[in-house]
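missing the sequence, but the structure's below:
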């Protein structure tokens, strides 16, 4: 039982809450269960009242409410594979990155590519928002559209054709306000938009709808 | 300039972060701007370095990172109106409730109804997840399906017909694991599911897809 705030594991957790390292923290029983289900073992787990005094664990928690359990994990990077990859470009909000991971897993994407200026998926907010999908969907960093499975579809606010599934290849999605850089759109094979009246979808909502269009089982 | 942690406004903010009252807190410049755009004035705003010392404001912030500005607002409840209402039943997660408000606004729903066992939309997590939609989409508490605009469509995991838009009336959505109670499904006019392979959509993702099906401009 850890009883000192100067314990090395607690020091590491505090550090990982602040900046990206080769390890990351996942908090809460649901995330630990998702990791176990995915066969991704923790380097170590800390459970309140078992491994560590409850108030010390709360002290290193990234959750406002404290936590009952957390795990420290080694990062794992995979490959950008088809049949359907989701690529994020300039999505700086870690909550949106995590939500995209979750949608990608739920709606059957095969991998998630993280382009330039996109938040760290292993940061605490992204891990939390992924609701465990971080342990199940392959992820990779990419630097250019050329690294993505073809054909590549650039999802934009109001140009190109209306998005219609089924799709294979890569869905390339930008941030809510900035959208995709021109050179990324130009490097893609197809340009499409989600046919809605407004234009205020964030990356996670756009990914959810685009993946739904791309993978739905029943033909319309 | 507030320079004491015992200030009455700071005491009220601390209290509102913990429990529901007739007032609520919204943190961050984006939310304050959304409130102003919607014509929903704050009872008072507190800006770091202007109205209050920065560290005192951080001390009452519900955000892990602290905040530069927050506002205290009176709650407003509206009416459950058509043409397209989203009703939540048993959605206990405030982040999901807030995300549904956001999707409802972005995808053109006319109102959001909050059924039994559904998280307080004015709680800090819901307000934050709404990204300002809380100030723009009419909301009402309801106790029974009979209070909802007709026809009412119960969205379930794997029964009824595949969801196909356009729709009018009410989309009734339950929580991810529990789903809708039997008596709610029976009280609805139509039962439908989102035609995807998996069944792991949360309420916000289901609402996003269902509203997209319901309101998209371009016919498939």
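The structure has been received and is ready for your questions. Predicted model, so just to flag it, every value in this text is computed and none were measured.

going forward, measure contacts between C-alpha atoms and count neighbours the same way
Noted.

Wasn't residue A:87 part of a helix?
No. Read with DSSP: H, G, I helix; E, B strand; the rest coil, residue A:87 is strand and lies in no helix.

quick one: it and residue A:116 touch, right?
No. Residue A:87 lies out of contact with residue A:116 (CA atoms under 8 Å); the separation is 10.3 Å.

Looking at these two, which has the bigger crowd around it?
residue A:87 (29 against 14; other CA atoms under 10 Å in any protein chain shown).

Which strand residues bridge that one?
Here residue A:87 sits in beta bridges with residue A:113, residue A:172, as judged by DSSP bridges.

next one: residue A:45
Beta-bridge partners of residue A:45, as defined by DSSP bridges: residue A:71.

how near is it to residue A:7?
14 Å (CA to CA, to the nearest Å).

Point out where chain A drops to low pLDDT.
Along chain A, segments meeting pLDDT under 70 span A:20, A:197-200, A:216-220.

and the residue nearest to residue A:189 when sequence neighbours are not counted, how many neighbours?
Computed as CA to CA, 6 or more residues apart in numbering or on different chains, the closest residue to residue A:189 that is not its neighbour in sequence is residue A:152, at 5.3 Å. Residue A:152 has 25 neighbours, counted by other CA under 10 Å.

Equivalent analysis for residue A:147, please.
Neighbour count for residue A:147, taken as other CA under 10 Å: 11.

Next, give phi and psi for it.
The phi and psi torsions at residue A:147 (degrees, to the nearest 10) take the values phi -80, psi -10.

what sits against it?
residue A:80 (CA atoms under 8 Å, 6 or more residues apart in numbering or on different chains).

Okay, strands next: where are they in chain A?
For chain A, the strands defined by DSSP state E cover A:23-27, A:44-47, A:69-74, A:84-89, A:111-114, A:139-141, A:152-156, A:161-162, A:169-174, A:190-193.

which residues are contacting the shortest one?
Residues external to strand A:161-162 that are found in contact with it (CA under 8 Å, 6+ apart): A:191, A:192, A:193, A:194, A:195, B:218.

now that we have those, which one has the most neighbours?
Of the contacts of strand A:161-162, with other CA under 10 Å as the count, residue A:194 tops at 26 neighbours.

That one contacts residue A:211, doesn't it?
No. Residue A:194 is beyond contact range of residue A:211, at 11.0 Å (criterion: CA under 8 Å).

could you pull out the helices for chain A?
Per DSSP state H, chain A carries helices over the ranges A:8-18, A:29-37, A:54-60, A:94-106, A:124-130, A:182-187, A:203-215.

would you turn the ones you listed into JSON lines with distance to residue B:202?
Below are the helices of chain A laid out as JSON lines (distance: least, CA to CA, whole Å):
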{"stretch": "helix A:8-18", "distance to residue B:202": "26"}
{"stretch": "helix A:29-37", "distance to residue B:202": "15"}
{"stretch": "helix A:54-60", "distance to residue B:202": "27"}
{"stretch": "helix A:94-106", "distance to residue B:202": "9"}
{"stretch": "helix A:124-130", "distance to residue B:202": "12"}
{"stretch": "helix A:182-187", "distance to residue B:202": "31"}
{"stretch": "helix A:203-215", "distance to residue B:202": "11"}
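
how far does stretch A:183-199 sit from the chain's center?
With CA atoms, centre = their mean, to the nearest Å as the basis, stretch A:183-199 stands 21 Å off its chain's centre.

about what we covered before: need the helices of chain A in JSON lines (columns: mean neighbour count).
Converted to JSON lines, the helices of chain A look like this (neighbours: other CA atoms under 10 Å in any protein chain shown):
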{"stretch": "helix A:8-18", "mean neighbour count": "16"}
{"stretch": "helix A:29-37", "mean neighbour count": "17"}
{"stretch": "helix A:54-60", "mean neighbour count": "19"}
{"stretch": "helix A:94-106", "mean neighbour count": "26"}
{"stretch": "helix A:124-130", "mean neighbour count": "24"}
{"stretch": "helix A:182-187", "mean neighbour count": "13"}
{"stretch": "helix A:203-215", "mean neighbour count": "24"}
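
So for residue B:160, which of those helices sits nearest?
Closest to residue B:160 of those is helix A:203-215 (CA to CA; 18.6 Å).

what packs against that closest one?
Other helices and strands packing on helix A:203-215, by 3 or more CA pairs under 8 Å, 6 or more residues apart in numbering or on different chains; DSSP states H and E, are helix A:94-106, strand A:169-174, helix B:203-215.

want to throw the ones you listed into a markdown table with distance to residue B:82?
Putting the helices and strands packed on helix A:203-215 into a markdown table (distance: least, CA to CA, whole Å) gives the following:
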| stretch | distance to residue B:82 |
| --- | --- |
| helix A:94-106 | 28 |
| strand A:169-174 | 32 |
| helix B:203-215 | 13 |
